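Colleague: Generate a structure from the sequence data that follows.
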Amino acid sequence: DGEREKLEEFVAAVELVPTDQRPHFYLAMMDAYRGDIKKALRGFDNARRLEPSGVAYTNIAEIFIYMDRIEKAHRFNELGIQRGAPPSAVLFNEMLIAWRQGDLREAEKIFARLRQHYPEAIRTINVARLPEPPRRFEQFASYCCQSPACGPYMKEPCGQLQLAVREDELSETAVLKQLRIEIEKTKRLREVYRQRKELDIEIEGAPSAQ
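Modeller: Numbering: from 1, shown residues only. Presented below is the predicted three-dimensional model:
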(Lines give C-alpha, C1' and ligand atoms only; values in the text may rest on other atoms or scores of the structure.)
Protein backbone atom coordinates (compact mmCIF):
# COMPACT_ATOMS: atom_id res chain seq x y z
CA ASP A 1 0.00 0.00 0.00
CA GLY A 2 0.99 3.68 -0.06
CA GLU A 3 2.39 3.74 3.47
CA ARG A 4 4.56 0.70 2.87
CA GLU A 5 5.84 2.10 -0.43
CA LYS A 6 6.83 5.37 1.26
CA LEU A 7 8.54 3.54 4.11
CA GLU A 8 10.41 1.34 1.64
CA GLU A 9 11.55 4.41 -0.26
CA PHE A 10 12.91 6.17 2.83
CA VAL A 11 14.57 3.09 4.33
CA ALA A 12 16.18 2.39 0.97
CA ALA A 13 17.45 5.97 0.94
CA VAL A 14 19.01 5.46 4.37
CA GLU A 15 20.66 2.27 3.15
CA LEU A 16 22.01 4.07 0.10
CA VAL A 17 23.29 7.24 1.82
CA PRO A 18 23.31 6.73 5.62
CA THR A 19 24.61 10.25 6.25
CA ASP A 20 21.63 11.97 4.55
CA GLN A 21 19.31 13.43 7.20
CA ARG A 22 16.28 13.73 4.92
CA PRO A 23 15.07 10.10 5.06
CA HIS A 24 15.31 10.24 8.85
CA PHE A 25 13.19 13.39 8.85
CA TYR A 26 10.45 11.78 6.76
CA LEU A 27 10.54 8.51 8.71
CA ALA A 28 10.16 10.57 11.89
CA MET A 29 7.24 12.44 10.35
CA MET A 30 5.59 9.12 9.50
CA ASP A 31 5.99 8.07 13.13
CA ALA A 32 4.30 11.31 14.21
CA TYR A 33 1.38 10.63 11.86
CA ARG A 34 1.11 7.09 13.23
CA GLY A 35 0.90 8.43 16.78
CA ASP A 36 4.30 7.23 17.99
CA ILE A 37 5.68 10.51 19.31
CA LYS A 38 8.70 8.96 21.06
CA LYS A 39 9.89 7.32 17.87
CA ALA A 40 9.26 10.57 16.03
CA LEU A 41 11.47 12.33 18.56
CA ARG A 42 14.22 9.76 18.04
CA GLY A 43 14.00 10.15 14.28
CA PHE A 44 14.22 13.95 14.43
CA ASP A 45 17.15 13.60 16.84
CA ASN A 46 18.90 11.32 14.34
CA ALA A 47 18.34 13.90 11.61
CA ARG A 48 19.81 16.55 13.92
CA ARG A 49 22.90 14.44 14.60
CA LEU A 50 23.52 14.07 10.89
CA GLU A 51 22.84 17.74 10.07
CA PRO A 52 22.72 19.96 13.18
CA SER A 53 21.04 22.90 11.49
CA GLY A 54 18.86 25.40 13.29
CA VAL A 55 15.71 23.88 11.79
CA ALA A 56 16.73 20.44 13.10
CA TYR A 57 16.55 21.90 16.60
CA THR A 58 13.23 23.70 16.07
CA ASN A 59 11.77 20.44 14.69
CA ILE A 60 12.68 18.75 17.96
CA ALA A 61 11.28 21.70 19.91
CA GLU A 62 7.93 21.19 18.17
CA ILE A 63 7.90 17.53 19.19
CA PHE A 64 8.58 18.49 22.81
CA ILE A 65 5.59 20.85 22.65
CA TYR A 66 3.42 17.92 21.57
CA MET A 67 4.86 15.92 24.48
CA ASP A 68 4.03 18.83 26.85
CA ARG A 69 7.72 19.18 27.73
CA ILE A 70 7.72 22.97 27.56
CA GLU A 71 11.11 23.58 29.21
CA LYS A 72 12.72 21.25 26.68
CA ALA A 73 10.81 22.97 23.88
CA HIS A 74 12.13 26.38 24.95
CA ARG A 75 15.65 25.00 25.21
CA PHE A 76 15.64 23.51 21.72
CA ASN A 77 14.02 26.61 20.29
CA GLU A 78 16.89 28.64 21.78
CA LEU A 79 19.42 26.22 20.33
CA GLY A 80 17.68 26.62 16.98
CA ILE A 81 18.09 30.39 17.19
CA GLN A 82 21.78 30.01 18.04
CA ARG A 83 22.24 27.79 15.00
CA GLY A 84 20.50 30.09 12.56
CA ALA A 85 16.96 28.75 12.42
CA PRO A 86 14.63 31.06 10.46
CA PRO A 87 12.53 33.36 12.66
CA SER A 88 9.37 31.81 11.21
CA ALA A 89 10.21 28.36 12.64
CA VAL A 90 10.98 29.84 16.06
CA LEU A 91 7.81 31.95 16.08
CA PHE A 92 5.71 28.99 14.98
CA ASN A 93 6.87 27.03 18.02
CA GLU A 94 6.31 30.02 20.30
CA MET A 95 2.73 30.17 19.02
CA LEU A 96 2.22 26.47 19.80
CA ILE A 97 3.75 26.92 23.25
CA ALA A 98 1.43 29.82 24.05
CA TRP A 99 -1.56 27.77 22.87
CA ARG A 100 -0.40 24.71 24.84
CA GLN A 101 -0.13 26.84 27.99
CA GLY A 102 -3.60 28.32 27.50
CA ASP A 103 -2.44 31.82 26.57
CA LEU A 104 -4.72 32.34 23.58
CA ARG A 105 -4.11 36.08 23.43
CA GLU A 106 -0.37 35.50 22.99
CA ALA A 107 -0.98 32.72 20.46
CA GLU A 108 -3.20 35.05 18.44
CA LYS A 109 -0.58 37.83 18.55
CA ILE A 110 2.15 35.50 17.30
CA PHE A 111 -0.15 34.12 14.61
CA ALA A 112 -0.79 37.68 13.41
CA ARG A 113 2.97 38.28 13.17
CA LEU A 114 3.44 35.05 11.22
CA ARG A 115 0.58 35.89 8.87
CA GLN A 116 1.99 39.35 8.22
CA HIS A 117 5.69 38.57 7.90
CA TYR A 118 5.97 34.80 7.24
CA PRO A 119 2.69 33.66 5.67
CA GLU A 120 4.20 30.44 4.30
CA ALA A 121 4.96 29.28 7.85
CA ILE A 122 1.23 28.85 8.55
CA ARG A 123 0.38 27.24 5.20
CA THR A 124 1.49 23.78 6.34
CA ILE A 125 1.13 21.58 9.40
CA ASN A 126 3.74 18.83 9.63
CA VAL A 127 4.56 18.99 5.89
CA ALA A 128 0.86 18.80 4.95
CA ARG A 129 -0.30 21.79 2.87
CA LEU A 130 -3.46 23.42 4.20
CA PRO A 131 -6.40 23.77 1.79
CA GLU A 132 -6.36 27.56 2.20
CA PRO A 133 -4.32 30.13 4.14
CA PRO A 134 -5.76 30.52 7.65
CA ARG A 135 -6.84 34.09 8.38
CA ARG A 136 -7.38 33.68 12.11
CA PHE A 137 -5.60 31.67 14.78
CA GLU A 138 -8.73 29.64 15.46
CA GLN A 139 -8.79 28.57 11.82
CA PHE A 140 -5.18 27.44 12.02
CA ALA A 141 -5.91 25.62 15.28
CA SER A 142 -8.83 23.84 13.64
CA TYR A 143 -6.49 22.46 10.96
CA CYS A 144 -4.08 21.30 13.66
CA CYS A 145 -6.82 19.58 15.62
CA GLN A 146 -7.93 17.73 12.48
CA SER A 147 -4.39 16.60 11.62
CA PRO A 148 -3.41 13.14 12.95
CA ALA A 149 0.13 14.49 13.40
CA CYS A 150 -1.00 17.43 15.54
CA GLY A 151 -4.48 17.08 17.03
CA PRO A 152 -4.00 13.93 19.14
CA TYR A 153 -1.05 15.60 20.87
CA MET A 154 -2.97 18.83 21.53
CA LYS A 155 -6.25 17.47 22.91
CA GLU A 156 -6.50 19.86 25.83
CA PRO A 157 -5.66 22.99 23.81
CA CYS A 158 -8.10 21.88 21.11
CA GLY A 159 -10.75 21.33 23.76
CA GLN A 160 -10.13 24.82 25.10
CA LEU A 161 -11.27 26.15 21.72
CA GLN A 162 -14.07 23.57 21.51
CA LEU A 163 -12.43 22.01 18.47
CA ALA A 164 -12.82 18.32 17.71
CA VAL A 165 -9.68 16.20 17.48
CA ARG A 166 -9.29 13.73 14.67
CA GLU A 167 -8.21 10.35 15.98
CA ASP A 168 -7.90 7.59 13.43
CA GLU A 169 -8.98 4.29 14.92
CA LEU A 170 -7.03 1.36 13.50
CA SER A 171 -8.42 -2.14 13.28
CA GLU A 172 -6.48 -5.02 14.86
CA THR A 173 -5.43 -6.12 11.38
CA ALA A 174 -4.08 -2.67 10.57
CA VAL A 175 -2.17 -2.54 13.87
CA LEU A 176 -0.55 -5.93 13.18
CA LYS A 177 0.33 -4.77 9.66
CA GLN A 178 1.97 -1.63 11.01
CA LEU A 179 3.84 -3.72 13.59
CA ARG A 180 5.28 -5.98 10.89
CA ILE A 181 6.35 -2.94 8.88
CA GLU A 182 7.98 -1.40 11.96
CA ILE A 183 9.87 -4.61 12.79
CA GLU A 184 11.17 -4.83 9.24
CA LYS A 185 12.20 -1.16 9.26
CA THR A 186 14.04 -1.46 12.58
CA LYS A 187 15.85 -4.62 11.49
CA ARG A 188 17.08 -3.02 8.27
CA LEU A 189 18.11 0.24 9.92
CA ARG A 190 19.97 -1.60 12.69
CA GLU A 191 21.96 -3.49 10.08
CA VAL A 192 22.88 -0.24 8.33
CA TYR A 193 24.22 1.31 11.51
CA ARG A 194 25.94 -1.87 12.65
CA GLN A 195 28.04 -1.58 9.50
CA ARG A 196 28.52 2.18 9.91
CA LYS A 197 29.52 2.52 13.54
CA GLU A 198 30.99 5.94 12.96
CA LEU A 199 27.45 7.34 12.72
CA ASP A 200 26.07 8.51 16.06
CA ILE A 201 22.55 7.19 15.47
CA GLU A 202 19.94 5.74 17.82
CA ILE A 203 17.74 2.84 16.69
CA GLU A 204 16.30 2.10 20.12
CA GLY A 205 15.72 4.39 23.06
CA ALA A 206 15.11 8.13 23.04
CA PRO A 207 17.88 9.86 25.00
CA SER A 208 16.63 13.35 24.11
CA ALA A 209 13.38 12.66 25.96
CA GLN A 210 15.10 11.94 29.28
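
Colleague: where are the low-confidence patches of the chain?
Modeller: The model of the chain has pLDDT under 70 over residues 1-7, 9-10, 13-17, 167-187, 190, 192-210.

Colleague: hey, where'd the helices end up in it?
Modeller: Chain-ordered helices for the chain, with DSSP state H as the definition, fall at 2-16, 21-34, 37-50, 54-66, 70-82, 87-100, 104-117, 137-145, 155-160, 172-195.

Colleague: Of all those, which one is nearest Pro131?
Modeller: With Cβ to Cβ as the measure, helix 137-145 is the member of these nearest Pro131 (8.2 Å). (Each C-beta comes from the backbone N, C-alpha and C, glycine too.)

Colleague: in the closest one, what counts as buried?
Modeller: Taking 16 or more other Cβ atoms under 10 Å as the neighbour-count basis, helix 137-145 is seen to contain the buried residues 137, 140-145.

Colleague: between the residues you listed, which is closest to Pro157?
Modeller: Of all the buried residues of helix 137-145, the one with the least separation from Pro157 (Cβ to Cβ) is Ala141, at 7.5 Å.

Colleague: so who does that closest one touch?
Modeller: If a contact means Cβ atoms under 8 Å, 6 or more residues apart in numbering, then Ala141 has 99, 157-158, 161, 163 as its contacts.

Colleague: Mind doing that once more with 10 Å?
Modeller: 95-96, 99, 104, 107-108, 111, 134, 150-151, 154, 157-158, 160-161, 163 (Cβ atoms under 10 Å, 6 or more residues apart in numbering).

Colleague: do the same with Ala47
Modeller: Remark: with contacts taken as Cβ under 10 Å, 6+ apart, Ala47 is in contact with 20-29, 53, 55-56, 59-60, 201.

Colleague: Looking at these, which one is closest to His117?
Modeller: Taking Cβ to Cβ as the measure, His117 lies nearest Val55 of the contacts of Ala47, at 17.5 Å.

Colleague: what number of residues lie near Ala112?
Modeller: If you count neighbours by other Cβ atoms under 10 Å, Ala112 ends up with 13.

Colleague: related to what we said a few turns ago, looking at the helices of the chain, which is closest to Ile125?
Modeller: In terms of Cβ to Cβ, the element of the helices of the chain nearest to Ile125 is helix 137-145, at 5.6 Å.

Colleague: for the closest one, the distance to its chain's centre please.
Modeller: The chain centre lies 17 Å from the centre of helix 137-145; the measure is Cα atoms, centre = their mean, to the nearest Å.

Colleague: and the angle for it with helix 104-117?
Modeller: Computed by axes from the mean of the first three to the mean of the last three Cα atoms, to 10 degrees, the angle separating helix 137-145 from helix 104-117 equals 90 degrees.

Colleague: All set, thanks.
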